[in-house]
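*Asks:* could you look at this predicted model? Sequence included:
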2 protein chains.
Amino acid sequence: MARETGSARRQRRRRAASGNAPAGVAIKQLPWQQPELTFPPQELLNQEQLDTIHEASLKILKDIGMEFMSADARDRLKKAGADVNEETHMVRFDPAMVEELIQTAPSMFTLHARNPEKSLKIGGRYIVNGCVSSPPNVSCMDKGRRPGNTEDFQNLLRLSQYFNIIHLIGGYPVEPLDRAVSTRHLHNTRDMLTLTDKAISVYCIWGSRVSDAIEMARIGRGVSNEQLEAEPSCFTVINTNSPLKFDGMMLEGLIEMSSRNQVVCVTPFTLAGAMAPITLAGALAQQNAEALAGLVMTQIVRPGSPFVYGGFTSNVDMKSGAPAFGTPEYMKTAIIGGQLARRYNLPYRTSGVNASNTVDAQAAYESVFSLWGTTMGGGNIIKHAAGWLEGGLVASYEKLILDVDLLQMVSEFLKPVIVDKDTLGFDSIVEAGVGGHFFGTTLTQERYKDAFYAPLISDWRNYESWEEAGSPRAWQKANKIWKQALEDYVEPPIESAILEELDAHIDKISEAGGIATDF
Amino acid sequence: MARETGSARRQRRRRAASGNAPAGVAIKQLPWQQPELTFPPQELLNQEQLDTIHEASLKILKDIGMEFMSADARDRLKKAGADVNEETHMVRFDPAMVEELIQTAPSMFTLHARNPEKSLKIGGRYIVNGCVSSPPNVSCMDKGRRPGNTEDFQNLLRLSQYFNIIHLIGGYPVEPLDRAVSTRHLHNTRDMLTLTDKAISVYCIWGSRVSDAIEMARIGRGVSNEQLEAEPSCFTVINTNSPLKFDGMMLEGLIEMSSRNQVVCVTPFTLAGAMAPITLAGALAQQNAEALAGLVMTQIVRPGSPFVYGGFTSNVDMKSGAPAFGTPEYMKTAIIGGQLARRYNLPYRTSGVNASNTVDAQAAYESVFSLWGTTMGGGNIIKHAAGWLEGGLVASYEKLILDVDLLQMVSEFLKPVIVDKDTLGFDSIVEAGVGGHFFGTTLTQERYKDAFYAPLISDWRNYESWEEAGSPRAWQKANKIWKQALEDYVEPPIESAILEELDAHIDKISEAGGIATDF
């Protein structure tokens, strides 16, 4: 049953109304804050190499072009001066046109959340971590792997709300397959707006589905249409159908989003060797061509509308064709993707990823290698940063907790080391004495509580104590933490008038049959 | 029984003599090569902050000084102009003296291995990975955790020889506690010289033990004393007794090493909050003071003798006092340590570390965070890079394999992305066609074999195949690989005359009673 009963709704409202106590009491986590890159992002290519990739992309767009599977999109492109072939649906772009439209996209903007304190700066040195999005399956160590469903969808939203290091609801953290497709987006968006107060995403398929969700974001924020358009309040990601193809329904969504001045991120999913050339330079050139085509589309729809450059070039296992994530190749493309985005003065979206089937050492090392690439590459939006497993086929409760810990560690790494008289600690060295220890010095006493990051998962007990405690593995600690977090979770407050308006919108659309599902 | 029988030795020689087949057939690994940092190392502090830490270190050495627990060392320091207090054994240094002696140490040199192809460039952009060294315990998933012993010591040497990404035998990969202390160093050094042909380390405790090992390194290389001194062939690490104390036996060893022009690395083990100020700047200032004191000592013993700046500043868990590794704090100090070493134009030693009790997600993420710090920090010698577990209390077979994979991935990450007409792959994009795939294109066919790094451990099968295979965890794959590697291992060839000379040396020292053990 996709629709909720009135009594269930009322019950939730009561919980929400009484739920004003501060969250995060039991689990010590970092406070809400957008991390900032405090050092220059890394550059793996020199300017000449970067220009060469840029030129190669323009050549792809000029000589081959891209297939746009929407008549509306092709019309708009044609009017803007692109070379459109109505038989093949191929659109080719003059380099000058691309270069010109790059200029109109903003380099930085704010993505507004229902809770103004959780609005996000997108671009520059700012980092946004998004929860996992779109897996068809969900897993936890207690109940194993199962198809996505409403209960887990809601729980994963609660966890995404609970942990401050997750800044963005980057999509549905798992697909709730038990909800009817025609109205699923309505109930999902309602959950995003009520179980969290963070910035939300919209799925960019089908124009009317997008406009429904935008309307709900507007209601959730309690603002006018004008204010919504002045203050982007929804984020969406469009994956091109690489190589060189733009899906029609997604283009419809893009047009709806950009025309309302909402945030569009076009992310080519260019797996080298499968959907893109086997060489990293070639895969990046194709990624760049497709991302720029997306940029052009948004700027034609509405010049100055917010656009995020998405990069997602990884490789495949050439023996099996299986996608690989968190590889050395992924690190390189994550870093070079950032160089390309900055070349265009655009915010950069990348991803925290891994291909492991379980929360073991592989899941951890692929994830940290990913974060190494996304962080040093200057990623602004890190999608799938918490909960992604199996290359995106599963949302994992334990992986979400592991990732929260990893993201917090990266955030701590980014905090500058302070060098001044106090921190140089000369007096502390005198006080400890030659061969002494620092546990009792004044400096230690002053600072011991917050001197170092306290991890959620790491078990630093000695072997004997650890063995006595049953030799717990990292995933077992993670398993305890998500349960604790769900217990401590408090639904963020929302005005009852807003809730009623949301529900009235859902009822209205639902009564009209929701969206068409005959695709 | 520490001594070997003649028949055991002969048996090994036969294996060695017939063991000329190339290794690494069954396991696909990277070829022997020293990785190079192909981009500028990261800088977390600006020049002024770096200078401030430098000045703070000089102030520590001038105003407090360091305790040198060796009369010979103090004599030499006094003659060189240091301010020596014979009652307290404290030695204070004039900043000008320190600054002057920094100049005499070489910025780069070669550490010679028995096999000239495995000699190592130390310094500059070159990276050396050393195997785990010195744990008292060893573990594997089959037999669990046990005290170090000869069999495991030898097996870990074989694995260190087998994997090309391990460049340096950084010490005893586990302490073989079943060997008699008086002659243990002789048999251990013999094993290092016969089971491997890589550059070796000497334990820098007790002058005569060091000279025994240096002599064996000379015999192993088949060179004269003069050539040995012209071509450093042993590496050693001296940990200061932080804060501000230099052990007497280690100073004896240092004097022996430096006077023979062998490689000395002084590494203060400055855990912030325990053996150093709780602030990272303070712990780094103390690390720097102690390392510079070690540098001064080596350059007084023999100006121009090779010295490696060692950094090992991490933090402790302030709740329990337990040391922590692979933390955000460790990443920062690993990077800033590199900045300090480069300020002095010295090679930089750092470490691949973790504090996990088992080969789980924690072991992996702490290790990759470490490598992130050591790599971006421009580490030249990465000690404990393969096999370290439990903060160094255990050498783990499975962790060694996991680390080999991680080190290979870092090495692949360091390989530059090539951007040229071939790699841009325009023709490949045309060939694949819009919406097509690249598996069959000419470019893919030409390059698919070596296009991407093929990991040892990562399991990229889909969930169903993986589950059917018994849901193996990363450590299980690692477990299989070390067994395979031991099967494939081939003892490197050595001239029988050299073996006889080594054994004669061992017999001579052993018959004289070995080294004194009454400490």
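*Replies:* That came through fine.

*Asks:* so what's A:L193 closest to, chain neighbours aside?
*Replies:* Spatial nearest neighbour of A:L193, excluding adjacent residues (CB to CB, 6 or more residues apart in numbering or on different chains): A:G220 at 4.0 Å. Glycine gets a C-beta too; all of them are placed from N, C-alpha and C.

*Asks:* again, but for A:L61
*Replies:* Across the structure, with CB to CB, 6+ apart as the measure, the residue nearest A:L61 apart from its sequence neighbours is A:F93 (4.3 Å).

*Asks:* got the contact list for the residue nearest to A:L193?
*Replies:* A:G220 is in contact with A:R114, A:L193, A:I200, A:I494, A:I498, A:L502, counting by CB atoms under 8 Å, 6 or more residues apart in numbering or on different chains.

*Asks:* give me every residue that touches A:T88.
*Replies:* Residues counted as contacts of A:T88 (CB under 8 Å, 6+ apart) are A:E67.

*Asks:* same thing but 10 Å
*Replies:* With contacts defined as CB atoms under 10 Å, 6 or more residues apart in numbering or on different chains, the neighbours of A:T88 are A:G65, A:E67, B:V434.

*Asks:* equivalent analysis for A:I515, please.
*Replies:* When the contact criterion is CB under 10 Å, 6+ apart, the partners of A:I515 are A:181-186, A:205-210, A:212, A:509.

*Asks:* so where's chain A shaky on pLDDT?
*Replies:* The model of chain A has pLDDT under 70 over residues A:1-25, A:517-519.

*Asks:* one more time with 50
*Replies:* Under the criterion of pLDDT under 50, the regions of chain A flagged as low confidence span A:1-25, A:519.

*Asks:* can you select the buried ones from the contacts of A:I515 in ChimeraX?
*Replies:* For anyone working in ChimeraX, the buried entries among those, judged by 16 or more other CB atoms under 10 Å in any protein chain shown, can be selected with:
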select /A:182,183,184,185,186,205,206,207,209,210,212,509
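
*Asks:* okay, the contacts of A:I515 in CSV with secondary structure next?
*Replies:* Conversion of the contacts of A:I515 to CSV gives the following (DSSP: H, G, I helix; E, B strand; the rest coil):
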residue, secondary structure
A:V181, helix
A:S182, helix
A:T183, helix
A:R184, helix
A:H185, helix
A:L186, helix
A:I205, coil
A:W206, coil
A:G207, helix
A:S208, helix
A:R209, helix
A:V210, helix
A:D212, helix
A:I509, helix
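
*Asks:* now, which of the contacts of A:I515 sits nearest chain B?
*Replies:* Each of these was scored against chain B by CB to the nearest CB, and A:I205 proved nearest at 17.9 Å.

*Asks:* thinking again about what came up before, helix or strand: which one has the residue nearest to A:L193?
*Replies:* Using DSSP states H and E, A:G220 falls within helix A:207-221.

*Asks:* for A:A291, same thing?
*Replies:* Counting by DSSP H and E, the element that carries A:A291 is helix A:280-301.

*Asks:* paired strands for the helix or strand just after that helix, with orientation please.
*Replies:* Scanning forward in sequence from helix A:280-301 by DSSP H and E, the next helix or strand is strand A:307-310. When pairs are called by DSSP bridges, strand A:307-310 turns out to pair with strand A:263-266 (parallel), strand A:348-351 (parallel).

*Asks:* export the ones you listed to CSV and append columns for distance to A:N149 and mean neighbour count.
*Replies:* Rendered in CSV, the data for those read as follows (distance: least, CB to CB, whole Å; neighbours: other CB atoms under 10 Å in any protein chain shown):
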stretch, distance to A:N149, mean neighbour count
strand A:263-266, 27, 28
strand A:348-351, 24, 29
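
*Asks:* need these in CSV (columns: distance to A:L393).
*Replies:* Formatted as CSV, the entries for the strands paired with strand A:307-310 read as follows, by distance: least, CB to CB, whole Å:
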stretch, distance to A:L393
strand A:263-266, 21
strand A:348-351, 14
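
*Asks:* now do the strands in the stretch 51-200 of chain A.
*Replies:* A:66-68, A:83-85, A:90-92, A:108-111, A:120-123, A:128-131, A:137-140, A:144-147, A:200-201 (DSSP state E, counting those that start in this stretch).

*Asks:* most packed of those strands?
*Replies:* By mean neighbour count, with neighbours taken as mean count of other CB atoms under 10 Å in any protein chain shown, strand A:128-131 ranks first of the strands of the stretch 51-200 of chain A at a mean of 29.

*Asks:* what is it packed up against?
*Replies:* Contact analysis of strand A:128-131 by 3 or more CB pairs under 10 Å, 6 or more residues apart in numbering or on different chains; DSSP states H and E lists strand A:120-123, helix A:150-162, strand A:234-238, strand A:348-351, strand A:381-386, helix A:397-413 as its packing neighbours.
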